[in-house]
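pasting the sequence and the predicted coordinates here, then a few questions.
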Amino acid sequence: MKPIGIISRLAGCSVLLLTLSSCSSGPKPEHSVEAPIAVANPSMPPRQEHTAQPLPPPTLADVRDALQRVFGDTLATRTISQFVVGDFNGDQSDDVAVTVHANPAKLDELNSQLANWTVEDPGRAFLPPQNKTVVRLPPKPPLELVRKGETLVAIIHGYGPQGWRDPQARQAYLLRNSAGTRAVIADLPRKLMSRAGVMPGERKVISEHIRGRSGFIFWTGAAYAWQPM
Amino acid sequence: MKNLRVLGTYLCAVALIALTGAVSTVFSSSPTEAPTGFSTPTLNQNQGSQSVSNGFPEPQGDTFANDQVHFEEQDGVDNGLGPVYNAQSCVSCHQNPVTGGISQVTELRVGHTDNYGNFVNPTIPINDGANVIANRSLVNDRAICPQAQERTPGTETIRTFRTSLNTLGDGFVEAIDSNTLYQIAQNQPYQSNGYIAGEFIQVPVLEAPGQIRGGRFGWKNQMSSLLSFSSDAYLNEQGITNRLNPTDTTTVCKTTSDPEDSTDNLGMADIDHFATFMRGTKAPPVDTALLNTSDGQAGQQLFSAVGCNICHVTSITTAPAGTVINGGAFTVPAALGSKVIHPYSDFLLHNVGTGDGIVQNGPPDTANKMRTAPLWGMRTRDRLMHDGESLTRNDAILRHGGEATPVINNYRSLSNTQKNQLITFLNSL
């Protein structure tokens, strides 16, 4: 190797070294400080809102449409005759409860573990016991399955001002052992609040007679429950 | 000549090393993936001896294992347990599948509304009515004597259960700049055509009096720092007073003097060890084998396609190392700074129709809002949602209403095959 080559290599390395050295010896960046934020509510983009016009009284056709939208052909909707409307879950949007029969040809679909609705027996709903100091969650309840020929109460939770008639309203429940007589909408009784009050707000309940006993079906915040009087 | 050649080679080697260092410096300031792992096994003997931290720098003389020992320590009446409490140790509620994880343990919160519909904390008589515990929604399930036992009055008509939360990886969550969370909230209405708007609240940082910060811990985002959380939980879940919460809930049957949490020979109190332990834990890992299946991959795509990721945010980058957070009380170390985490949460409050009616540190409108549950580590949880009352993934999804309605309707529109794929993805988290 010629001396000139070595010298040029040394010079090159020195330049590189000096450059890197000058990079690393620069002033360190100042640490930033997380500052409190002047919070404003998120600015909502314009969205087409429904006008707050009073809704026309619900009809059987409305109910059939809603059932079809949510449950498809898994329910026999031609025979429905009884339904009640009220805000059962306290979200200021009307819900509907209607007595229905399962379509016997669609039981598998009704009972699918991936169905778009929840099958429940309100008589087995977990309620916080009174006068207990220690409350443990109960064991997992048995799986509820709709039986052939069974009468059910279908509930569709409302969404927005249109309530259960809104096309987006698809949160739904099928209640077993809950189809009674003389079903009417009532305010959440004070007595019931102290028994199983879980949610605040103006909730309505379904007051009815089931197998000779009067009582209420109401929303606990997680499920529908039956409270006999 | 030979000496010149050696010198040249030496200088070039030095230059190369310097170049490597410079490159690594550049790269280290770029966000990198946070370390993950269930790496804090709960042992009966030699606690913490098999644990591996995320690299969080320990205070002088302290070790990650020692912090875990404190996290698992069983407290008794003689060192301040109670008078009212829920459990004897942190690990009693934060253990599955390793120390710091979740559990099936729930806590009870109650209250009522006034004539204007505002939430009011309960006033709970104890000691045959001679004393009361007021101004908190938590009802402790245990007491060190019968006189101190809390019993929910029938007048407290709002009652809810809350499941224990995961603390693994919470050091990274603490290291998220509040502005990042705020920006997520600001973007959500635009991502959802106005249907979704997370609420960002700022809550006091107990260790920095007068300072507030974006809440991120607890079902109501009631805490913003891990030291605040440790202090609050030590008092309210174990009944042990400490320097940030020096007054007990009641003095009935109390025999110890406050604060019950004192400093050790390292100058650290228990709450410091708890916070240091949580800051040192790795983020919950995914089940990569399941995630990499065709169903897992398809489910991951569907998760975003239907819009779950608007609230269950898939990736968040923590603040850079050196950022001063917690009202000036904590500086993000390199182990937690500029880390990409996958919490599947926005750490914001939303009304998805499951609100429990309880107000804690937030404004009154948070009564029916809950923090978006982080889905990392979800495969270790059997009981879902804040109250643990949803028992299947499908049930939990369908229980989302309110702001989540349009997103859940997208889920409802999936075929069963697609739903199974999405659930497979959830089971990989």
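Arrived safely, thanks for sending. Numbering: from 1, shown residues only, chains lettered A, B, ... in the order given.

give me every residue that touches the residue nearest in space to the middle of chain A.
Compute the mean C-alpha point of chain A, and by C-alpha atoms, centre = their mean the closest residue is A:Gln171, 6.5 Å away. By C-beta atoms under 8 Å, 6 or more residues apart in numbering or on different chains, the contact list for A:Gln171 reads A:156-157, A:159, B:353, B:398, B:401, B:405, B:408. Where you see a C-beta, it was placed from the backbone N, CA and C, and this is true even at glycine.

relative to B:Ile271, how far out is B:Tyr344?
28 Å (C-beta to C-beta, to the nearest Å).

can you check B:Arg216 too?
Distance from B:Arg216 to B:Ile271, by C-beta to C-beta: 18 Å.

again, but for B:Pro343
With C-beta to C-beta as the criterion, B:Pro343 and B:Ile271 are 24 Å apart.

quick one, helices of chain A?
A:3-24, A:60-71, A:107-110, A:190-196 (DSSP state H).

for chain B, what's the longest strand?
strand B:106-113 (DSSP state E).

could you check that one against chain A for contacts?
Yes - judged by C-beta under 8 Å from any C-beta of the partner chain, strand B:106-113 and chain A are in contact via B:106, B:108, B:112-113.

need the residues that contact that strand.
A:128, A:135, A:137, A:200, B:86, B:119-122, B:137-139, B:141, B:152, B:155-164, B:237, B:356-359, B:387-388.

adjacent strands (with direction) for that strand?
Strand B:106-113 has its sheet partners listed here by DSSP bridges as strand B:119-120 (antiparallel), strand B:138-139 (antiparallel), strand B:158-163 (antiparallel).

do you know which of the ones you listed lies nearest B:Thr247?
strand B:138-139 (15.2 Å; C-beta to C-beta).

I'd like the next helix or strand past that closest one.
Once the chain leaves strand B:138-139, the next helix or strand it forms, by DSSP states H and E, is strand B:142-143.

burial count for the closest residue to A:Ala154 other than its chain neighbours?
Nearest non-adjacent residue to A:Ala154, counting by C-beta to C-beta, 6 or more residues apart in numbering or on different chains: A:Val100, 4.7 Å away. Neighbour count of A:Val100, defined by other C-beta atoms under 10 Å in any protein chain shown: 24.

so who does residue 207 touch?
If you meant another chain, say so; for now it's chain A. So A:Ser207 contacts A:182-186, A:214-216 (C-beta under 8 Å, 6+ apart).

that answer is for a different chain, and I need it for chain B
Counted by C-beta under 8 Å, 6+ apart, B:Glu207 has contacts B:225, B:227-228, B:231, B:244, B:326-327, B:329.

show me the shaky parts of chain A.
For chain A, the stretches with pLDDT under 70 are A:1-30, A:39-52, A:128-137, A:190-201.

now with 80?
A:1-31, A:35-36, A:39-53, A:126-141, A:188-202 (pLDDT under 80).

how about the strands in it?
Counting by DSSP E, the strands of chain A are A:75-76, A:83-86, A:95-102, A:117-120, A:151-156, A:172-175, A:181-187, A:204-210, A:213-219, A:224-228.

is the last one in proximity to chain B?
Meaning strand A:224-228. No - applying C-beta under 8 Å from any C-beta, one finds strand A:224-228 separated from chain B by no less than 11.5 Å.

burial count for the closest residue to chain A within chain B?
Closest to chain A within chain B is B:Thr157: 3.2 Å, counting by C-beta to the nearest C-beta. Using other C-beta under 10 Å, B:Thr157 has 22 neighbouring residues.

just the pLDDT for it.
Per-residue pLDDT puts B:Thr157 at 82.

repeat for B:Asn86
B:Asn86 is given a pLDDT of 97.

surely it meets B:Cys93?
Yes - counting by C-beta atoms under 8 Å, B:Asn86 touches B:Cys93, with 7.3 Å between them.

what do the two both touch?
Common neighbours of B:Asn86 and B:Cys93 (C-beta under 8 Å, 6+ apart) are B:105, B:237.
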